Every structure is written in C-alpha cells, then in structure tokens.
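Enquirer: the following block contains a protein sequence and its predicted model.
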Amino acid sequence: MKYVILGASAAGINAAKTIRELDPNGEITIVSKDKAIYSRCMLHHVISQGRQPREINFAEENFFEKYNINWLAGQEVLGLNTEEKTVLLTGDLKISYDRLLIATGSSSFIPPIKNLAAAKQIFGLRNIEDAVAVNLAAENTGAAVVIGAGLIGMDAAYALADRGLEVTVIETAEHILPLQLDKTAAQKYEKLFRQNAVNFFFKETTVEIKLDQDNNVRGVVLQSGAFVHCGLVIVAAGVRSNIEFLKNTNVKIGRGIQVNSYQETSVPNIYAAGDVCESTETFTGQVSLTPIWPSAILQGRTAGSNMAAIPRQLEINFAFKNSMTFYGLHTISFGLTGQADSDSKELIYQDAGNYKKIIFKDGVIKGAILQGDISNSGLIGKLVQDKTKISHPEQIFNMTYANFFAQKENGEFCFACNDNCH
Ligand SMILES: Cc1cc2nc3c(=O)[nH]c(=O)nc-3n(C[C@H](O)[C@H](O)[C@H](O)COP(=O)(O)OP(=O)(O)OC[C@H]3O[C@@H](n4cnc5c(N)ncnc54)[C@H](O)[C@@H]3O)c2cc1C
C-alpha cells in the first residue's frame, strides 16, 4: 500500500505514525513545504529568543528513520489528479498514491490594507521562517504593531514585549482574545500586558501602513485617524485553509475540506485532517474549522487509522478549548465563553486571584472559563465533553471527580452517566 501525506505538522506526522504502527510494510511518503518539523504553537519562543528554532521540534530526532518514512521536505504540492491518483509537486515531479492524506494546514490571512503588500517589515506568524524574519526585523526597531488580539496575536505581542519592544495591539473587538475569553477574564490579561509596555486600540481597524521611500515601515494609520509609530507589523488577523492546489478537483470544500467522522473527503481514498478541514465541533455540534493543535493530532490519528484500514471515528473534536498563560496567569476556556443567552444560566466565582464562569443550558455545561486556579479543569472538561447533566449547578465550584462516581451493580466504579448523576 502506498500512502502519501501532504503536510508534516501536527496532523500529518501523527497520521504517519499511526499508519506505521498499523501497517509495518506500507510505503509512506510525506511531502511538505516545511523543511523542518516544529510546533507552530511555540513560534513565539523563537521571537522572544527563549528558544532556538531547532528547540521547537515536536517529533523524535530520528523520526523518519525510526518509522521508515520517506520525507520530501521543502516541496510544494501544486496539483492533484484524482483519476490518475497522482500529486503534482514543484519541478514537475509527480508521485502516485493508493491512499492520500491532505494535512496542509492553513496560512495567515492578509487583509487588504493600503501599502501592506509593498511594505518590507510586515509578517504573518505561521512558519518558522516568519519567526526568524521577525527576529531580524526586531533588531532594527524599538516599536512593533500587532494586528489582531487572538491567541497568535497575543503570543506575538508577549514575545516582542519580552525582548524589550514597545508593542501596540490593534483589535476590532472590544477586548483581547474574543473567541476564548469574556471581557472580565480578558481585562485581567490586558492589565498585565499594559504593565509590560503593551498598548491597545479596541474597536479599531488598520487602514494604511506608512512607509518611507524605501518601503520600510514607519507606522500604521487607524480608521479613527490615529497614527501608531512602529518599525514592524505582525498580521494575526485569522487563517485560511491551504487548499489552492485542489482547484479543478472534485474534493468538496466549504470553509475547509469537508470530511466525515472517519476523516474521509468526498473522493474515495482521499482523507483530510487538521486546520485544512472542517468537521463537526463537539461543543457547538456545528460544522466548522477546528484550528487548534490537539484537534489536528486527533484528526491525524483518526485519518491514519482509517487509511491503514482499521476503522476509527473521531469522537472528540474541539475548536473551542484553549489554555493560555501570560505573565504567570493561567486560563482554560471551553465552549461558549461570551454573553450567555436568555435560556442559559451563568454562575460566577471571583476572588482576588481567580475568576471562574460556568454557563449552563438545559442542565449541562455549555462553556466555562477558569482563570487563576485551573485545578478543576479536568473535571469541568469531562463534564462538558460527556454532556453530563448536573443536578445542583450551584455547587459546581465545590465539586470534584468524587461527586461524579457511581458504583455499578457488579461493584465496579464508573464516571457517572447522565441518568445516574449525584
Ligand atoms: C503562532 C501560532 C500559535 C499557536 N498557538 C496554539 C496554541 O497555543 N494552542 C493550540 O491548540 N493551537 C495553536 N496554534 C494552532 C496550531 O498550530 C494549528 O492548529 C496546528 O499547527 C495545525 O496543524 P496541521 O497539521 O493541521 O497544519 P499546519 O501546522 O499548518 O501544517 C501544515 C503543513 O502542510 C505543509 N503545506 C502547506 N501547504 C503545502 C503545499 N501546498 N505543499 C506542500 N506542503 C504544504 C506545511 O509546510 C506544513 O508542514 C497556533 C498556531 C500558530 C501559527
């Protein structure tokens, strides 16, 4: 069996490992634009100079030899012929497959801002090359602007501030991390960032990059007319699935490649996993992109198993499950985190160092934010995932795993099922 995997990151590497575990003799080839294996979640450590690029590798040193995998590194996939079952690479190279996994992830979305294309010191933050380039640019300026206050934007702001730059974050929402946090939790972080030379503009958009005659960045102009002086700009305004090479194929696409719970696409023998695809999200029950690292790993493993003919369905698939730590303050959020609707009930606990919010609907937890003390996050996550009915929501902040254990008739202990909650 000839397996070809496009992409050498969370989804692709985990799929390859799974295939090799299940099929010791199959021929596995990974193709990637990436020339190194690294965790994108750790790119900000390269910017803050806390780690060298080689120190963010997430696979074993000898991964490809150990698992007997052929890696075509630094190769771009340009096209796919589903009739011929071939993939077209740079330099007119064609490789054939019996089973194909598309795990090409996503790229930074670059919004249409005046002068952005011409500017020299504008960067997305997606690849190791971006982090290395930001590093170089940061040596020649004392001020940076970050467009977008999502997780990637705040990672970038944190790293740049850490190495002594004055940073300004521009965000269209009214607070940072709008997909992960509510205003209260976000403002705790905002205060810490401000104490560390990070400034913010909320409900603002960037309309123009000001350049000198050599196209060096000199600042940004906001919609309000405000001008922010800077020598480099990081654009963290969302991502788009890498699917250009699927043009003219019959692989069905929505916001990403459409897959079923086996990670199968609309074309037989072609699978997709990770940021590149859209799938049913566990918290919301809706089909969406799930662009987080743990989901890419699980989807990759699921795809790998099915490619090796061991049927496996994706059981848990989160887009909205995030953990973060800035300036020593830990937060974990699950599912809905914003304003609860009129049918939902919100329970809040707050003291000097902690903020906890749980949103209930129809007796089950729909979302949670735990900030400060996150020790109960394992339990809350399990309750959310299992849609466990909670009979006494008002006691949620005092509950432990012990509250949810039941004993079966045979004496065995089990995590409480929905009918047996106490
Ligand atoms: C700065 C940053 C911070 C993040 N922080 C977190 C975090 O804290 N927590 C979290 O859960 N998630 C985080 N994420 C998201 C997480 O990194 C992604 O969800 C994850 O990397 C997705 O993995 P993937 O395998 O689907 O795709 P990717 O990691 O995007 O990898 C795609 C692979 O496909 C290759 N490729 C793409 N196009 C082609 C082509 N045409 N031809 C050949 N190869 C191609 C690439 O070279 C790469 O090897 C972060 C992302 C970034 C960028």
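Expert: Thanks, I have it.
Enquirer: part of a strand, is Val233?
Expert: Yes: with DSSP: H, G, I helix; E, B strand; the rest coil as the criterion, Val233 is assigned to a strand.
Enquirer: bridged to it, which residues?
Expert: Beta-bridge partners for Val233, by DSSP bridges, are Ile122, Val145.
Enquirer: what does Val4 give?
Expert: For Val4, the beta-bridge partners under DSSP bridges are Thr29, Leu100.
Enquirer: isn't it up against Val31?
Expert: Yes: the criterion here is Cβ atoms under 8 Å, and Val4 meets it with Val31 at 6.9 Å. Backbone N, C-alpha and C define where each C-beta goes, glycine included.
Enquirer: which neighbours do these two share?
Expert: Val87, Ile95 (Cβ atoms under 8 Å, 6 or more residues apart in numbering).
Enquirer: what is the burial count for the nearest residue in space to Gln263 that is not next to it in sequence?
Expert: Among residues not flanking Gln263 along the chain, Ala303 sits closest, at 3.8 Å (Cβ to Cβ, 6 or more residues apart in numbering). Close neighbours of Ala303, defined as other Cβ atoms under 10 Å, add up to 33.
Enquirer: these two touch, right, Ala303 and Asn260?
Expert: No: with contact defined as Cβ under 8 Å, Ala303 and Asn260 do not form a contacting pair (11.0 Å).
Enquirer: in what helix or strand does the residue nearest to Gln263 lie?
Expert: helix 293-307 (DSSP states H and E).
Enquirer: is the helix or strand following that helix positioned near the ligand?
Expert: Downstream of helix 293-307, the first helix or strand assigned by DSSP H and E is strand 321-326. No: Strand 321-326 stays out of contact with the ligand when judged by Cβ under 6 Å from any ligand atom, the minimum separation being 6.5 Å.
Enquirer: and the gap between Gln263 and Glu278?
Expert: Noted for Gln263: a distance of 12 Å to Glu278, by Cβ to Cβ, to the nearest Å.
Enquirer: can you tell me which residues contact the most centrally placed residue in the chain?
Expert: Note on the chain: the residue nearest the mean C-alpha position is Ile292, at 2.7 Å, using Cα atoms, centre = their mean. Going by Cβ under 8 Å, 6+ apart, Ile292 touches Phe318, Ala319, Lys321, Asn322.
Enquirer: who wins on neighbours among those residues?
Expert: Counting neighbours by other Cβ under 10 Å, Lys321 comes out on top of the contacts of Ile292 with 24 neighbours.
Enquirer: neighbours around Gly372, how many?
Expert: Neighbour tally, Gly372, other Cβ under 10 Å: 17.
Enquirer: what about stretch 292-309, average pLDDT?
Expert: The average pLDDT within stretch 292-309 is 97.
Enquirer: and what of stretch 178-190?
Expert: Averaging pLDDT along stretch 178-190 yields 95.
Enquirer: and what of stretch 344-354?
Expert: The average of the pLDDT scores along stretch 344-354 is 91.
Enquirer: please shift the residue numbers so they start at 88 in all later answers.
Expert: Happy to do that; since the first residue is 88 now, the last one works out to stretch 431-441.
Enquirer: list the buried ones in it?
Expert: With burial defined by 16 or more other Cβ atoms under 10 Å, the residues of stretch 431-441 counted as buried are Leu434.
Enquirer: contacts for it, please.
Expert: Stretch 431-441 has contacts (Cβ under 8 Å, 6+ apart) with 271, 423, 427, 442-448, 453, 458-460, 480-481, 483-484.
Enquirer: what residues does the stretch 88-237 of the chain have near the ligand?
Expert: Neighbours of the ligand within the stretch 88-237 of the chain, by Cβ under 6 Å from any ligand atom: 93-99, 118-121, 127-128, 130, 163-164, 190-193, 212-213.
Enquirer: output the below-cut-off pLDDT ranges for the stretch 338-487 of the chain.
Expert: 426-427 (pLDDT under 70).
Enquirer: touching the ligand at all, stretch 420-427?
Expert: No: using Cβ under 6 Å from any ligand atom, stretch 420-427 stays clear of the ligand, with a minimum separation of 11.8 Å.
Enquirer: which residues touch Gly166?
Expert: Val174, Leu175, Phe332, Asn335.
Enquirer: can you pick the most crowded of the residues you listed?
Expert: Val174 (23 neighbours).
Enquirer: re the thing from before, restricted to helices, list the residues of the stretch 88-237 of the chain next to the ligand.
Expert: Ala97, Ala98, Gly99, Leu130 (DSSP state H).
Enquirer: any idea how many residues pack against the residue nearest to the first one when sequence neighbours are not counted?
Expert: The shortest distance from Ala97 to any residue that is not its chain neighbour, by Cβ to Cβ, 6+ apart, is 3.7 Å, and that residue is Ala383. Ala383 has 27 neighbours, counted by other Cβ under 10 Å.
Enquirer: Ala383 contacts Val363, doesn't it?
Expert: No: Ala383 is not in contact with Val363 according to Cβ under 8 Å; the separation is 9.1 Å.
Enquirer: joint contacts of these two?
Expert: In contact with both Ala383 and Val363: Ala98, Ala190, Gly192, using Cβ under 8 Å, 6+ apart.
Enquirer: the ligand: which of these is nearest?
Expert: Among the shared contacts of Ala383 and Val363, Gly192 lies closest to the ligand (Cβ to the nearest ligand atom), at 2.0 Å.
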